[in-house]
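**Student:** Could you look at this predicted model? Sequence included:
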Number of protein chains: 2
Amino acid sequence: MTEDKALVLLSGGQDSTTCLFWARKEFREVHAITFDYMQRHRTKELAAADRIAQIAGVEHKILWIPTIKEIGDSALVGEGSVSEKREGSNLPSSFVPGRNIIFLTFAAMWAYKLKINSLVIGASQTDYSGYPDCRQDFIYVMNKALWEGMGNRDLEIHTPLMNLAKWQEVLLAKILFGCWEALAYSHTCYEGEYPPCGKCPACILRAKGFEEAGEVDPLLMRKE
Amino acid sequence: MTEDKALVLLSGGQDSTTCLFWARKEFREVHAITFDYMQRHRTKELAAADRIAQIAGVEHKILWIPTIKEIGDSALVGEGSVSEKREGSNLPSSFVPGRNIIFLTFAAMWAYKLKINSLVIGASQTDYSGYPDCRQDFIYVMNKALWEGMGNRDLEIHTPLMNLAKWQEVLLAKILFGCWEALAYSHTCYEGEYPPCGKCPACILRAKGFEEAGEVDPLLMRKE
C-alpha cells in the first residue's frame, strides 16, 4: 500500500469540499468518491461534487447505493420536513441511522481496490448537529472495525474538521489553494434551493460560520 | 425496543440455517434477512434461504445490494476460481473485503426499522477459514461501531457458533427442532452444484463436520 494517496468522501457540501482541498495539500495523489443513494437533492449534489472534483483536478467516482433508500428511515431519503426532530427521539429527522458506517465501508472497499490507505471525511463534533456518526468516538471504533474486518491495519480515517468550529473551517478554506473558488459551487441547503433557503439547519449553520469568520460566503457571489 | 425479537442474517448455508433455528429457540419472534449482492450462485442461495425461512416459519426480507459487485474485488462476485488464495496475500480468493461490515450494518438498519435489538450471525473462528470478518475481535468492535454510529447502545450481535467446531455445530443442529429437516435444503458448495462438488473449501469443511460428528449430512439424503 502507498502512504501518500488519499480518498476523500465528497458530498459536494462545504465540509467535504474543504476536506478535498486539505487532502490535496497533504497528499501526493487524491481521489474522491461521492455516493448516489437516491437522496432528495441527488441531481444537485452529484453535479456539485462533480464540478468541485473537476476544479480540484482529482479522479472522481460516483457510487450507486440504492439499498439505503429501500431500508432507510429518514426524511433525507423520504418524505416530510428535514428541519424537525425524528418522532419519539432527540435525533434530527435528517439522520439516516447507519449511513456513515455504510459510506466509510464502501469508501474503504474502493480504497482497498485502489491501494489507498487514507480516507478523509468531513465529520465534525463541534457545532454538534446531533448526528452520532460524526463524533470522534464513532470514527475511532469505526476505524478499528475496518481494521479487524478487512484485515488491513494500515487504513486510517482522517477527520481534519473534527474539532474545528465552523468559523475556523471557513478560515481554513481561505488558505487552501483553490478551495474558495470551489466553495462557490458547493451545495449545502437541505431544501435544495439556490440561492440557499437560509432557513434549514444546514443553511443556518453555514451562514453562522461565515458571519463569525467575518467573510462573505462565495456561494452567494456566484455568477451562474 | 423489544428484548425478545431477533433478526438472523440468513445466507441459506449450513451455519446461518443452524443460527436461524437457534434463534427460534431463544427468541419469541424471529425475522430473517438475506442479501442479494449478485453473488455467483445467487439464484440457488436465495431459493435455499427462502425455503429455509418458510420451514422455520419466519418473516424473510431479501435485500438487494448491487454496490458490492460494482466495487468488489473477489472471486465470489467475479470470475476466477474460488478455491485459490487472493493474489499477493494469504486471504482466500472468496474473501470480499468489507462484506460482513456492510451486511451487519444493513441488517442493523433493517432491525432499527423493525425495533429489533438482537442480530444473529453464523460467524465462527473455529475451523478458521481465513476470513478476518468472522472473528470475535471483529464482531466486538463492529458491535461498538454500530452503537456509536447509530446511537443505539441496546443493539447486540449474537454469534452462537463463534467457538464451536464444525462437528459441534452438527450436534447442535440435531437438537434444534426443525433444523435437520431445513439443512437438507441449505446451500454450501462454492461451485453451486447439487449434489455438492465435494472439492471446494466449503464442501470439504462441511463434510468433515458431519463425518466427525458421526452423522450423515441430510443434504445428501434429499429426495428432490
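**Tutor:** Nice, I can see it.
**Student:** Let me know the pLDDT of A:Met38.
**Tutor:** pLDDT, A:Met38: 89.
**Student:** What of the one 3 residues further on?
**Tutor:** Here the pLDDT value assigned to A:His41 is 86.
**Student:** and it, what is it in contact with?
**Tutor:** A:187, A:190, A:192 (CB atoms under 8 Å, 6 or more residues apart in numbering or on different chains). C-beta: built from backbone N, CA, C; applies to glycine.
**Student:** can I get those residues in CSV with secondary structure?
**Tutor:** Shown next, in CSV, are the contacts of A:His41 (DSSP: H, G, I helix; E, B strand; the rest coil):
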residue, secondary structure
A:His187, coil
A:Tyr190, coil
A:Gly192, coil
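**Student:** for the residues you listed, which one is nearest chain B?
**Tutor:** Relative to chain B, the closest of these is A:Tyr190; by CB to the nearest CB it sits at 19.9 Å.
**Student:** any idea where the helices of chain A begin and end?
**Tutor:** A:14-26, A:42-56, A:67-71, A:99-114, A:136-150, A:166-175, A:179-183, A:201-213 (DSSP state H).
**Student:** Which one, of these, ends up nearest to B:Leu164?
**Tutor:** Nearest of the helices of chain A to B:Leu164, taken as CB to CB: helix A:136-150 at 20.6 Å.
**Student:** Does the closest one reach chain B?
**Tutor:** Yes: Helix A:136-150 lies within reach of chain B by CB under 8 Å from any CB of the partner chain, at A:137-138, A:141-142, A:144-146, A:148-150.
**Student:** Check the offset of that helix from the chain's centre.
**Tutor:** Relative to the chain's own centre, helix A:136-150 is displaced by 18 Å; criterion: CA atoms, centre = their mean, to the nearest Å.
**Student:** Reformat the contacts of A:His41 as CSV; add neighbour count and pLDDT.
**Tutor:** As requested, the contacts of A:His41 are exported to CSV (neighbours: other CB atoms under 10 Å in any protein chain shown; pLDDT from 0 to 100):
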residue, neighbour count, pLDDT
A:His187, 23, 86
A:Tyr190, 22, 81
A:Gly192, 16, 80
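**Student:** For the nearest residue to A:Tyr190 once chain neighbours are set aside, give its distance to chain B.
**Tutor:** Nearest non-adjacent residue to A:Tyr190, counting by CB to CB, 6 or more residues apart in numbering or on different chains: A:Cys200, 4.0 Å away. Distance, A:Cys200 to chain B, using CB to the nearest CB, to the nearest Å: 21 Å.
**Student:** A:Cys200 contacts A:Arg206, doesn't it?
**Tutor:** No: applying CB atoms under 8 Å as the test, A:Cys200 and A:Arg206 come out as separate, 9.8 Å apart.
**Student:** Looking at these two, which is more packed in?
**Tutor:** Ranked by neighbour count (other CB atoms under 10 Å in any protein chain shown), A:Cys200 and A:Arg206 place A:Arg206 first, with 25 against 20.
**Student:** For the more buried one, give me its contacts.
**Tutor:** Residues counted as contacts of A:Arg206 (CB under 8 Å, 6+ apart) are A:14, A:166, A:188, A:196, A:217.
**Student:** Filter those down to the buried ones.
**Tutor:** A:14, A:166, A:188, A:196, A:217 (16 or more other CB atoms under 10 Å in any protein chain shown).
**Student:** which pair in those residues spans the largest distance?
**Tutor:** The distance between the two most remote of those (CB to CB) is 14.8 Å, for A:Lys166 and A:Pro196.
**Student:** Low-confidence stretches in chain A?
**Tutor:** By pLDDT under 70, the low-scoring segments of chain A are A:1-3, A:73-91, A:93-94, A:127-129, A:224.
**Student:** Show me which residues of it sit near chain B.
**Tutor:** Residues of chain A lying near chain B (CB under 8 Å from any CB): A:63-68, A:70-73, A:91, A:97-98, A:100-102, A:105-106, A:108-110, A:112-113, A:132-133, A:135, A:137-138, A:141-142, A:144-146, A:148-152.
**Student:** hang on, the earlier thing: for PyMOL, write the selection for the buried entries among the residues of helix A:136-150 next to chain B.
**Tutor:** Only the buried entries of the residues of helix A:136-150 next to chain B go into this PyMOL selection, using 16+ other CB under 10 Å:
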select buried, chain A and resi 138+141+142+144+145+146+148+149+150
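**Student:** Distance to B:Phe21 for the residues of helix A:136-150 next to chain B - can I get that in TSV?
**Tutor:** Putting the residues of helix A:136-150 next to chain B into TSV (distance: CB to CB, whole Å) gives the following:
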residue	distance to B:Phe21
A:Asp137	37
A:Phe138	34
A:Val141	32
A:Met142	33
A:Lys144	32
A:Ala145	28
A:Leu146	32
A:Glu148	28
A:Gly149	26
A:Met150	31
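**Student:** any idea how far A:Glu212 lies from chain B?
**Tutor:** 28 Å.
**Student:** Can you verify my assumption that that residue contacts A:Lys166?
**Tutor:** Yes: using CB under 8 Å, A:Glu212 makes contact with A:Lys166 at a distance of 7.0 Å.
**Student:** Just the buried residues of the residues of chain A next to chain B.
**Tutor:** A:63, A:65, A:67-68, A:70-73, A:91, A:97-98, A:100-102, A:105-106, A:108-110, A:112, A:132-133, A:135, A:138, A:141-142, A:144-146, A:148-152.
**Student:** show me what contacts A:Phe106?
**Tutor:** Applying CB under 8 Å, 6+ apart to A:Phe106 gives the contacts A:33, A:35, A:63, A:65, B:67, B:71, B:98, B:102.
**Student:** could I get these as TSV with distance to A:Leu119?
**Tutor:** Listed next are the contacts of A:Phe106 as TSV, based on distance: CB to CB, whole Å:
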residue	distance to A:Leu119
A:Ile33	9
A:Phe35	13
A:Leu63	14
A:Ile65	16
B:Thr67	17
B:Ile71	14
B:Gly98	12
B:Ile102	16
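**Student:** just those now: which is nearest B:Thr43?
**Tutor:** B:Thr67 (19.8 Å).
**Student:** Make sure the closest one is actually in contact with A:Ile65.
**Tutor:** Yes: using CB under 8 Å, B:Thr67 is in contact with A:Ile65, at 5.0 Å.
**Student:** Count the neighbours of A:Val30 for me.
**Tutor:** Residues lying near A:Val30 (other CB under 10 Å) number 25.
**Student:** which residues does it contact?
**Tutor:** Shown in contact with A:Val30 (CB under 8 Å, 6+ apart): A:5-8, A:20, A:23-24, A:56, A:58.
**Student:** Kindly indicate which of these lies nearest B:Phe177.
**Tutor:** Nearest to B:Phe177 among those, with distances taken as CB to CB, is A:Leu7, at 48.7 Å.
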